[in-house]
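Undergrad: this is a predicted model, with the sequence first.
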Amino acid sequence: MSLKTEEMILNMGPQHPSTHGVLRLELKLEGEIITDVIPHIGYLHRCFEKHAEAMTYPQIIPYTDRMDYLASMYNEFGYVLAVEKLMGIEVPERVEYIRVIMGELQRIASHLVALGTYGADIGAFTPFLFCFRDREHILHLFEITSGARLLYNYIWIGGVSHDLHPDFLRLTKEFVDYFRPKVKELNELLTFNQIFIDRTANVGVLPAETAINYGITGPNLRASGVKWDLRKDDPYSIYDRFDFEIPVGNGEKGTCGDCWDRYYVRVKEMEESLKIIEQAIEQIPEGDVTSAIPRRVKPPAGQVYSRVENPRGELGYFIISDGSVNPKRVKVRAPSFVNLEVLGELCKGHMVADVVAILGSIDIVLGEIDR
Amino acid sequence: MKTPEEIFEALKNKFGEAVINLATDQPVDPYIEVAPLEVDKVCKFLFEEEGFEFNSLLNLSGVDDANGEKVKDENDNDIIKGGTLSVFYHLESTIHRHKIVLKVSTDRENPEVSSVEDIWRTADWHEREAYDMFGIKFLNHHNLIRILMPYDWEAGYPLRKDYQNPEFYKGMKVPY
Amino acid sequence: MMYDWLYNLTGSEILAAVIQSLLPLFLFILPFALFAVLLERKVSAHMQDRLGPMRVGYHGILQTVADIIKLVQKEDIIARDNDKLFFNLSPLIVFMGSYAAFAVIPFSSVFLGSNIDLGLIFIVAVTGLVVAGILMGGWASNNKYSLLGAMRSAAQIISYEIPTMMIIIVVIMLTGTLNLYTMSEWQTSYFWNWLIFGGPGFGLAKFILIPFMMMSALILFISTLAEVNPTPFDIPEAESELVSGYHTEYSGMKFAMFFLAEYANMFAVSAILSALFFGGFQSPFGYLGNLFNVPALIPFEQFFWFTAKGIFFVFVQMWLRWTLPRFRVDQLMTFCWKYLIPFAFVILIIVGLITVLL
Amino acid sequence: MKDYFLKFWQGLWTIAIGMKVTFKHLFVPAVTIQYPTEKPELPERERNRLYVNMDDCIGCLQCERACPVDCIEIETVKAVPGEDLGKTSNGKKKALWVTKFDIDIAKCCYCQLCVFPCPTECIYMTDVYEFSEYERDNLIYDFVTLTPEEREEKKKNYEEFLAKKEAEKAEAARKKAEEAAKAKQEEKKEDKKEETKPEDKPKDKEE
């Protein structure tokens, strides 16, 4: 008698604790070994691009907030830069500094969620709450400045909606001092834990060549050892004025480009962001923040592709204007959308538990993938 | 580091008719217009040729040019007849640090563009998205199915300018 | 002991036995489970800078009671394609397995379910039932996550029984008995007489044994921990991968039984650990009863010390649970087969030599 | 072999470090608060429920136009001459009755875009964030201070005014036509006749 085996198809999601939203993964399993992963996306599709065609340019900003809801500031930042590039607006110095401070704070907040949920994916729940506790401080900073905690509509075309709160700079400085030891604590609790290292090192190795060919950007690309950061390599805003490092993965605990590297690059990036924030606080000039806001946003006909280094990678806005107050086409090159594509490649030959580890290390936000 | 003009020259010499023109009247980025069925060869060249080596496809974006004539169909809805759909390719070389924008325009009624999926793997989902949203068929794509919309969506391609919301999807009312 | 006392009191063997067997359930397991769930919540909350349950009763002490009431009220969902018999049987078997272990746990010199000579082996055998229950539940649920969870669980528990058994053999070699009560009695009062410090007496053997005993206590702790599935070893119910493993499909009271069994098990393994290595019900500092010459006090003191030790180890388990990430299923096996079993084996041989030579 | 023991040791050591961290946190005061009994202090720029101060609203529809989700619906009626609507707090004269000012707060995305264009700063976001309802309809807020009868009345007034004006206009037109006819007749009768003065023409809608 011969035994027949058949491959098991396991549906992971759309409702699953660790798919980070409504992602459905169709896993083909050989026991617990994965032979194929097919991601199914679109459960959170809200037609952002269609909406944008019916909106005026400033009205789109609240919608960009809702794409990558963990890094709303940066979405606005990117969008606003694209429109300003199209219209040729110069913004005041102070606005640039405010945007950079906000952007970097947002990067820390976003990475904190990424790291915390990654810990939770691996099974450690405490770091998750520690990260959220620290993120709360950043959200408070945003709240006193813009009035909202998550979806800010703060960065506007040509300026920002409010000037900084009088306490903002002091509180930010306090936060920087508060946060440095917390990063160390996170490292002690999770990063260098041997079980965590075992779970993540040598898992889901993404070689640099493959990463570039797949269009991977952001911390995921840097973890593969490619020193590519738009803040340095294609500087926008005033990032060329700051002194900071670009952390890259070097395979410290396993192979270069594995999950642990992707995780640790984010930890180090938070520290670099702290550096930028500190410098920006020192240098920020006084001035009017609303002076360059145009009364009527009506860019000339033409197309523009502008990109920023979002916490998740390269966030590009491709805007085609036909010279009216509504854009003709807004296409978002969402970093998570592109980064998720490589999942199938990374997961092959690993186990079910590794899918969670790899997916978490890519750090996707479904709001951005489905838009 | 190569300017768009140099790239255009090189492409023109190599491909002749397939490379149509260089649009420089743009406020920000100029783009090179390429014939839709030759774009994969052009891209392959840009990807491989020394001195260009565009190893990264930043973005691939479908666009409805809406340049056809507007007519009314039998239900009195505006639809667009004729005209073109376009695809924009944003390429970048992380080695030489130069960028270029390619544009292909294809017929609205039968939009066909050859796929660049085998050059840059990232084009896979981008092309699926363009297919999903505009109905642009990418020839030689290995798995050209809808990606964001339901797989069995039959009401057309939502990002076209003349898209009409269907009344019902599987018995569910669509406009809530 | 207690049975005799109950027999004298009631005059009926059956009645005495029934009371005897129900006592741990109502006197200990249920209150303990209530307490442990609350403790777990409070410990986890405070470790994570939270407050935990605060609303029901003072600082939420009645929260678990409220939860139990909620669970009892809940609809018992049985999916159409479940294997009804096994599905219903599984929580019972799991609960039975962990409950039966309490029969031989010596809470104090008088409060002891059954003083059988095969105590240790009985515990190991009876907790093995849990695997059968989990497998049944996972299979009968007709859910792929449950199935994977059950398979992992079976592999895990069976593997980790090997180092557990080896360490138990080490202890048996030293004490020469399988009876948990005798074993506890053997490690008479004062903590330096505990087996982890080499047992009573002050021979050369004691001092040589100390490091090995510490190692074996650690191995026993780890391997028994793996059998009750808290976090570093919770791959059978790995929340972030398998939703909740073998009990994904269970709801209401059946889920509560799994839950109860888990907490009962947590205490059971802590009790085994303290009975084997930490003097069982013996006080570390001598008895107040002896000091004030009130012998009636001693059993209560013993009960206090035993539960205190048990709860301490339960606390350690929770502490670990809220600190550590979890293993992957193959790493779990690696850890068992490549680390724990060789270590336990070496200890077994060395301790064997020591007992023979010294 | 060395790696084997090193890894085991590292495992134990890092676990011990992790346990130290969590143990320390057992004694750190909690950062969470008991929400309904204790409430966080909200910053002044807080963006929550929208509020409209109708005394200041001049019905200019700026907010309705700015809203990206169309959650504001405004209807205005022109005041008839002689009605005094008062002034807003910053001295603008009101000229419109607002008969409908509905905000569907369930649709609102709290982006504050409606607040900035308001010329009289009468629409703003408050710090009220607890306004859940059992019925979705209850989330449509009606800010108009007029009673329904008053609204009807204003509408009627304006309609009547319009009708009156229409009638006047018709009357005027009729008169004009008559006059013109008359003039023609007179012209026919007597060629020498003075022309009608331009001031006599009825005024157009300049109200």
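TA: Received, thanks. Numbering: from 1, shown residues only, chains lettered A, B, ... in the order given.
Undergrad: pretty sure residue D:160 is in a helix, no?
TA: Yes - membership of residue D:160 in a helix is supported by DSSP: H, G, I helix; E, B strand; the rest coil.
Undergrad: wait, doesn't residue C:268 sit right on residue C:101?
TA: Yes - if you go by CB atoms under 8 Å, residue C:268 and residue C:101 touch, sitting 4.4 Å apart. C-beta here means a position set from N, CA and C on the backbone, and glycine is covered the same way.
Undergrad: who touches both of the two?
TA: C:123, C:127 (CB atoms under 8 Å, 6 or more residues apart in numbering or on different chains).
Undergrad: what comes into contact with stretch C:192-202?
TA: With CB under 8 Å, 6+ apart as the criterion, stretch C:192-202 contacts C:171, C:174-175, C:186-188, C:191, C:205-210, C:213-214, C:217, C:276-279, C:282, C:284.
Undergrad: which of those are buried?
TA: C:171, C:174-175, C:186-187, C:205-206, C:208-209, C:213, C:217, C:276-279, C:282 (16 or more other CB atoms under 10 Å in any protein chain shown).
Undergrad: tell me which of these has the lowest pLDDT.
TA: In terms of pLDDT, residue C:205 ranks lowest among those, with 69.
Undergrad: any stretches of chain A with poor pLDDT?
TA: A:1 (pLDDT under 70).
Undergrad: what does it have sitting close to chain C?
TA: A:8, A:10, A:16-18, A:32, A:119-126, A:129-130, A:133, A:189-190, A:193, A:195-196, A:198-199, A:351-356 (CB under 8 Å from any CB of the partner chain).
Undergrad: can you tell me which of those residues end up in strands?
TA: The strands, defined by DSSP state E, take in A:8, A:10 from the residues of chain A next to chain C.
Undergrad: contacts with chain D among the residues of chain A next to chain C, please.
TA: Counting by CB under 8 Å from any CB, the members of those near chain D are A:126, A:133, A:189-190, A:193, A:195.
Undergrad: pull the most distant pair out of those.
TA: Farthest-apart pair in these is A:133 and A:195; separation 22.7 Å (CB to CB).
Undergrad: these two: who's more crowded?
TA: Ranked by neighbour count (other CB atoms under 10 Å in any protein chain shown), residue A:133 and residue A:195 place residue A:195 first, with 25 against 18.
Undergrad: so the residue lying closest to residue D:151 once chain neighbours are set aside is in which element?
TA: Leaving aside its chain neighbours, residue D:151 sits nearest to residue D:99 (4.3 Å; criterion: CB to CB, 6 or more residues apart in numbering or on different chains). Using DSSP states H and E, residue D:99 maps to strand D:96-104.
Undergrad: pairing partners for that strand, with directions?
TA: strand D:72-78 (antiparallel), strand D:140-142 (antiparallel) (DSSP bridges).
Undergrad: turn the ones you listed into JSON lines, columns for mean neighbour count, distance to residue D:90 and mean pLDDT.
TA: Listed next are these as JSON lines, based on neighbours: other CB atoms under 10 Å in any protein chain shown; distance: least, CB to CB, whole Å; pLDDT from 0 to 100:
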{"stretch": "strand D:72-78", "mean neighbour count": "19", "distance to residue D:90": "19", "mean pLDDT": "81"}
{"stretch": "strand D:140-142", "mean neighbour count": "15", "distance to residue D:90": "24", "mean pLDDT": "83"}
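Undergrad: in JSON lines, list those along with distance to residue D:169.
TA: Shown next, in JSON lines, are these (distance: least, CB to CB, whole Å):
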{"stretch": "strand D:72-78", "distance to residue D:169": "16"}
{"stretch": "strand D:140-142", "distance to residue D:169": "35"}
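Undergrad: burial measure for residue D:136, as a count.
TA: 9.
Undergrad: pLDDT at the residue lying closest to it once chain neighbours are set aside, what is it?
TA: Distances taken as CB to CB, 6+ apart place residue D:106 nearest to residue D:136, at 6.0 Å, with adjacent residues excluded. On the pLDDT scale, residue D:106 is placed at 84.
Undergrad: I figured residue D:106 hits residue D:139, correct?
TA: Yes - Residue D:106 lies in contact with residue D:139 (CB under 8 Å); the separation is 4.1 Å.
Undergrad: which of these two has more residues huddled nearby?
TA: residue D:139 (16 against 13).
Undergrad: so who does the more buried one touch?
TA: Counting by CB under 8 Å, 6+ apart, residue D:139 has contacts D:104-106, D:131, D:133.
Undergrad: one step back: so which of the ones next to chain D among the residues of chain A next to chain C are in helices?
TA: A:126, A:133, A:195 (DSSP state H).
Undergrad: any idea how far the residue nearest the centre of chain D is from residue A:251?
TA: Most central in chain D under CA atoms, centre = their mean is residue D:63, positioned 5.1 Å from the mean C-alpha point. Separation of residue D:63 from residue A:251 (CB to CB, to the nearest Å): 56 Å.
Undergrad: residue B:61 now?
TA: For residue B:61, the distance to residue A:251 - CB to CB - is 35 Å.
Undergrad: these two: which is more packed in?
TA: Taking other CB under 10 Å, residue B:61 and residue A:251 do not tie; residue B:61 has more neighbours (27 against 17).
Undergrad: name the element the more buried one belongs to?
TA: strand B:56-64.
Undergrad: would that strand count as contacting chain A?
TA: Yes - part of strand B:56-64 sits near chain A under the criterion CB under 8 Å from any CB, namely B:56-59, B:61-64.
Undergrad: same thing with stretch C:245-258?
TA: No - judged by CB under 8 Å from any CB, stretch C:245-258 stays clear of chain A, getting no closer than 11.3 Å.
Undergrad: please enumerate residues in contact with that stretch?
TA: C:68, C:71-77, C:79, C:82, C:87-88, C:91-92, C:94-95, C:134, C:137-138, C:141-143, C:145-146, C:148-150, C:152-153, C:235-238, C:242.
Undergrad: what does stretch A:78-94 give?
TA: In contact with stretch A:78-94 (CB under 8 Å, 6+ apart) are residues A:57, A:60-61, A:64, A:155-159, A:236-237, A:284-289, A:291-292, A:294, A:297, A:299-300, A:302, A:304-308, A:310, A:315-317, A:319, A:321, B:27-28.
Undergrad: filter the residues you listed down to the buried ones.
TA: A:57, A:60-61, A:64, A:155-159, A:236-237, A:284, A:289, A:292, A:294, A:297, A:299, A:302, A:304-308, A:310, A:315-317, A:319, A:321, B:28.
Undergrad: among those residues, which are in reach of chain D?
TA: A:60-61.
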